[in-house]
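S.K.: Dropping a prediction and its sequence here:
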Amino acid sequence: MKVSYNWISKYVDLSGISPEYLADKLTFAGLEVEQVTKMADGSDLVVGHILSCDDHPDSDHLHVCMVDIDTEILQIVCGADNVAKDQKVIVAQVGSKLPELTIKEGNIRGVRSQGMICALFELGVDRKLLSQDQLQGITVLPNEALVGDTNPLSYIGMDDVIIDISLTPNRADCMALWSLAKEIGAILDRNVNLPKIDDLKINEKQSNLLIKSNSDKCQSFVGKVINSLVIKESPSWLKDALTSIGIKSINNVVDISNFVMIETGQPLHFYDIDKMPKKEIVVKDDIDMVYRALDQIEYQIIANDIMITSDEKPIGIAGIMGGEDSKIDENTKGIIIEAAIFDLAAIRATSRRLNLSTEASIRFQKGIDPLAPMKAVNRAVQLLIDLAEAGGIEESVLINDFNYQQYQIETSTTFINTYLATSFSDKQIVDVLSRLDLNPQIEDDKLIVYVPSYRTDLRLPVDLCEEVIRLLGYDNVLSSLPKIYQVAGEYAKNARQRYMIKDLLKDMGFSETINYSLVNQKHIDNSVLAIGKPVALNNPLSEDKRFYRTSVLASLLETIAYNKSRYLNEYMFFEIANVYSDEHTEKEHLALAMSKKTTINKWKHLVNENDFYTLKGYITKIIEKLGFDQKRISFKSNDLDQRMFNQYQSALIYLDKALVGVFGMIHPKKQKEWGIDQTLIAEIDVTTLFQAKTSKIKFQSIPRFPAVSYDIAVIVDDKYQANDICLSIKKTGGKLIKDVIVFDVYKGGNINDGLRSLAFKITYQSLDKTLNDNDIQPIQKEIISMLNKQYGAILRDI
Amino acid sequence: MQQWDKIKEEGLAIIRHADNLSRIEQVRIDLLGKKGQIQDLMKQMKDLDNHQKPLFGKMVNELKQLFEEEISIKKNELEETKILTDLKKDQIDISLDGDDALVAQLHPLTIVQKEVESIFMNMGYQIVEGPEVELDLYNFERANIPMNHPARDMQDTFYIDLQWLLRTHTTAIQTRVLETKANNLPIKVICPGKTYRRDDDDATHSHQFTQMEGLVVGEGINLADLKGTLEMMVKKLFGESRTIRLRPSYFQFTEPSMEVDVSCFNCNGLGCHICKKTGWIEILGAGMVHPKVLEMAGIDFRKYSGFAFGMGVERVAMLKYGIDDIRNFYLNDMRFLSNFDRFE
């Protein structure tokens, strides 16, 4: 919100208070000042009197002026069309610093020039606020300007400073300049003098204006008929005030409505009484139509938008913008004043839908002092009498849906000091609350305050705590630490498990990525192990961020493609993030991706060929480290996802009987589609892993007797999985077998198609004795016989 | 005696001139071998008179010892030389780059989040998380932001339907904690997590970001406890000499509410580009938990009070590392990611 320093200083005594000091005080009282800017800026400016103005001898548009600045007479070359003898003007002397240039003594086409005669835009005034004349020529000061006065801007109301305040939503009351003045008075402990409007002595006629509301979204409505007035130009103080905060002057009547809105925070609307269909105003909220507003744009009005109507005809979009039909113009002879309060949510909804935000709608949306409508009407009448010769004034007509009752807050100074951990005296607290017009009363231990109507944010004792501390200063607050029952700090279990996985993956060489949760259709189409049907946002920012991820992997593919185009071809990435389905299920998934090739030694050109087994090794280790015995982890053929994966080099991961992941080589078609190299990928449901029961770490003593290994190699049908055969061997061998591993797989050569050679290393160990050949040979025989019977395996010589 | 000197000089010369290991071996055989010069001299001894024998024998032995020593020295020298020659053949260019050691890193947001979490865990806080897709109830209603409240203007929200939305702040976790622990006070938690707002992405805005909020509720919690806690955190995170400054502000969740500024760690308060010449950097929002918030969770606000504070992890990381564009965190460019995981 832009506030004019000159304007506000009419209401509150700011003598000796610089705009910068005021800004600082406001910020530390909770009204954050974003910027302090001079309306017009320039050093070494002075009022000059043009003694003579002659044509430049060597130019058809330049003039040579002799300008009296009291201390000396300067010769200045000026290019403006409107410069003339005897004008009082703003002179920038040599050395003067303007927003965009520094004035130097010059020589313009052979004529010496000792300064510049200024136009307002050259002094940094926003061009939008200037008239056509002001944009095209130098600024001519009124004749009473004193030659040599070093504040020439004061003669045209341009010596103002604009303070831009970012109001928090609870202090919308400060959008009213009068409330802001009281706030500043309280902060600085200075006197506040607001215009008196209670004692207007007018003879008001009885009114036959009819006002009615068919909507429950109009809490209050004041209408007033002014039968006669005179439209003319506004006086300069009024124009300057509005210009200072960026409102263009139109005429006295329209300017008054804006001025009063700024003063009281109450938006006013004036209707030309002669253009009204009927001396009647009806508020409705059940209209569907296309409506052309003051700005000449057609708006689609729907039910629930609040509309102002007269004789069944719409005359304005309530609280947002009036209509063209009844607007004030130079021929207006009388008006109806509207000062109403509309439902803030309804105004916001309409304003948003129509993409139409006005000074009025902004104020309605933030909430209005319930007593503002009457205040505003009275102030407007006062100004209309003073500035527009208003007459034929009728009594106000009002509807009021609520009874205003002043709020009281009961608390104690002890409570305030305890809550804030301060030690303010009763006097200090009472003094601060008085400055805020809260009329504090101390009765015994109680402190009672009476809240002014515009302070809709003050309802509870804690609200008073804030008033006290923000005015007396947070420097008064001490430092301590909570004195409550202490427990050891810790992570929730799943967070601990997540960090464990992150650290483990990092140690394995995987780098962490964090991608957006919101994704596009392509991402959804490439979901792996999707948690369920995707959920689309009701109001996405773009198609690119329409869905909440159902799987994480595609984000990694995007990361790989992004980095590949930046020449990164070897990578190991992971991401752990939430996924979400339409059944309001939220889980955590882990995605992994690693390039097929990773260089081991670049000068010897040694490259590691990562494959299915590389990733399988990593994944097995991750699950084991989460507390699961290897026996509980199993891998099955991938019959789940044969689009993203090469089905012959991928597998499903099970923990006990639960599917927890899928991994393997990316399908060549997908690899092309994403524009990446061969990549090993995985998607793992870590929530299921986090929730599964883990086994305790239990130390088993190291066996005292040595283990012995026996190898068996067989030729066996391709269709059997090696792991199944290992399990059969263990089962057959019984307790003495400690471990069975496959150490060689061979196909081709002298082995027929459809068969392969598998070599097993079987490790035997006993807890009771050293095993010898006699103990083992019978078992070996049994195993060989089983392999032959069960798998048709034929023994090979090793 | 001249004859002895001659034999000695000749022998030493041959040793001296040997220029490789096989040559010196040959020299050893020639001088000391079974058919070598020393053996020849030994053979001459038997033809001598008995009284001459001891002296002669002594001379031969001295000569033998001398040759042995000299050959050994020479042999060592030659071995040394050979090793150096062999090594030189395999000399490498030490200026070439080493192999890229496969060292991975955690994401900078994770690093910063962990650091803050550990500061608070050491002060006895529990780390609590919550769902990212949240009910309006916990995100707004219970945070004292009722339907149609103007404060919702400040938070443009991604909605799934009327009930479900993407949480706009981790306050949603706090309102859940308040509910579950209403009958089991005190509460002392840190709530980290991803949050979402309907902002267009640019250098300083991101529709997805990370927040960390703290909440303490118990008997007698006051504003000084909040101030002391934040001072502790700021000193641990940005250095022992940092101070904080409280400025009044407004949040629905708290009353009184304040912004917390930290004295600039770059210029120590003198004014620089990071603090925009003010000497202070805005880093946290905080306040005393609003009585309505406690009441809605079923906590007696006459008996208990609390404080809450929150910060953006991206903002802390940007300040800490001098990152100028928030979008960097979500591009996952390896050249960006690999910058942050090291000792400082």
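M.R.: Thanks, I have it.

S.K.: for the helix ranked longest in chain B, packing partners?
M.R.: Ranked by number of residues, the top helix in chain B under DSSP state H is helix B:53-89. For helix B:53-89, the elements it packs on are helix B:2-17, helix B:21-32, helix B:37-45, judged by 3 or more C-beta pairs under 8 Å, 6 or more residues apart in numbering or on different chains; DSSP states H and E. C-betas here are computed from N, CA, C, even on glycine.

S.K.: export the longest one as PDB, just CAs?
M.R.: What that stands for is helix B:2-17. Extracted as PDB, the C-alpha positions of helix B:2-17 are listed here (Å, rounded to 0.1, in the frame of the first residue of the first chain):
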ATOM      1  CA  GLN B   2     106.300 -54.600  -7.300                       C
ATOM      2  CA  GLN B   3     104.800 -57.800  -8.600                       C
ATOM      3  CA  TRP B   4     102.100 -57.700  -5.800                       C
ATOM      4  CA  ASP B   5     101.300 -54.100  -6.600                       C
ATOM      5  CA  LYS B   6     101.000 -54.900 -10.200                       C
ATOM      6  CA  ILE B   7      98.600 -57.800  -9.600                       C
ATOM      7  CA  LYS B   8      96.600 -55.600  -7.300                       C
ATOM      8  CA  GLU B   9      96.400 -52.600  -9.600                       C
ATOM      9  CA  GLU B  10      95.500 -54.800 -12.600                       C
ATOM     10  CA  GLY B  11      92.800 -56.500 -10.600                       C
ATOM     11  CA  LEU B  12      91.300 -53.300  -9.300                       C
ATOM     12  CA  ALA B  13      91.300 -51.800 -12.800                       C
ATOM     13  CA  ILE B  14      89.400 -54.800 -14.200                       C
ATOM     14  CA  ILE B  15      86.800 -54.400 -11.400                       C
ATOM     15  CA  ARG B  16      86.600 -50.700 -12.000                       C
ATOM     16  CA  HIS B  17      85.900 -51.200 -15.700                       C
END
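
S.K.: Quick check: residues of the stretch 301-450 of chain A near chain B?
M.R.: Listed as neighbours of chain B in the stretch 301-450 of chain A under the rule C-beta under 8 Å from any C-beta of the partner chain: A:L344, A:A345, A:R348, A:Q365, A:K366, A:G367, A:T418, A:Y419, A:L420, A:A421, A:T422.

S.K.: Just the buried residues from these, in PyMOL please.
M.R.: To isolate the buried ones among those in PyMOL, judged by 16 or more other C-beta atoms under 10 Å in any protein chain shown, type:
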select buried, chain A and resi 344+348+365+366+367+419+420+421+422
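
S.K.: Could you point out which of the helices and strands packed on helix B:53-89 sits nearest chain A?
M.R.: Closest to chain A of the helices and strands packed on helix B:53-89 is helix B:21-32 (C-beta to the nearest C-beta; 32.0 Å).

S.K.: how about that closest one: buried residues?
M.R.: B:I24, B:V27, B:R28, B:L31, B:L32.

S.K.: which among these gets closest to B:P146?
M.R.: In terms of C-beta to C-beta, no member of these lies closer to B:P146 than B:I24, at 101.8 Å.

S.K.: Just the residues of the stretch 301-450 of chain A next to chain B: which are in helices?
M.R.: Filtering these for helices - DSSP H - leaves A:L344, A:A345, A:R348, A:Q365, A:K366, A:T418, A:Y419, A:L420.

S.K.: Turn those residues into JSON lines, columns for distance to B:D225 and pLDDT.
M.R.: Output for these, formatted as JSON lines (distance: C-beta to C-beta, whole Å; pLDDT from 0 to 100):
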{"residue": "A:L344", "distance to B:D225": "36", "pLDDT": "88"}
{"residue": "A:A345", "distance to B:D225": "37", "pLDDT": "88"}
{"residue": "A:R348", "distance to B:D225": "37", "pLDDT": "90"}
{"residue": "A:Q365", "distance to B:D225": "36", "pLDDT": "89"}
{"residue": "A:K366", "distance to B:D225": "33", "pLDDT": "87"}
{"residue": "A:T418", "distance to B:D225": "12", "pLDDT": "95"}
{"residue": "A:Y419", "distance to B:D225": "11", "pLDDT": "96"}
{"residue": "A:L420", "distance to B:D225": "11", "pLDDT": "96"}
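
S.K.: Share the number of residues neighbouring B:V313, please.
M.R.: By other C-beta atoms under 10 Å in any protein chain shown, the residues close to B:V313 number 24.

S.K.: can you pull the contacts of it?
M.R.: By C-beta atoms under 8 Å, 6 or more residues apart in numbering or on different chains, the contact list for B:V313 reads B:L109, B:V112, B:Q113, B:V116, B:P192, B:F209, B:T210, B:Q211, B:M212.

S.K.: list the contacts for the residue nearest to it when sequence neighbours are not counted?
M.R.: In this structure, B:V313 finds its nearest non-sequential neighbour in B:T210, 3.9 Å apart by C-beta to C-beta, 6 or more residues apart in numbering or on different chains. Contact partners of B:T210, counting by C-beta under 8 Å, 6+ apart, are B:L109, B:Q113, B:P192, B:G193, B:K194, B:T195, B:G312, B:V313, B:E314.

S.K.: Look up how far chain A lies from the second one.
M.R.: Okay, so that is B:Q113. 10 Å (C-beta to the nearest C-beta, to the nearest Å).

S.K.: The helix or strand that residue falls within - what's its average pLDDT?
M.R.: According to DSSP states H and E, B:Q113 maps onto helix B:108-121. In this model, helix B:108-121 has an average pLDDT of 96.

S.K.: With only the CA atoms kept, save that helix in CSV.
M.R.: What follows is helix B:108-121 as a C-alpha-only set of coordinates in CSV (Å, rounded to 0.1, in the frame of the first residue of the first chain):
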residue,chain,number,x,y,z
PRO,B,108,22.2,-30.5,-0.9
LEU,B,109,18.6,-30.2,0.5
THR,B,110,19.1,-33.5,2.3
ILE,B,111,22.4,-32.3,3.7
VAL,B,112,21.0,-29.1,5.1
GLN,B,113,17.9,-30.8,6.4
LYS,B,114,20.0,-33.4,8.2
GLU,B,115,22.1,-30.7,9.7
VAL,B,116,19.1,-28.8,11.1
GLU,B,117,17.6,-32.1,12.3
SER,B,118,20.7,-33.1,14.2
ILE,B,119,20.9,-29.7,15.9
PHE,B,120,17.4,-30.1,17.3
MET,B,121,17.8,-33.8,18.1
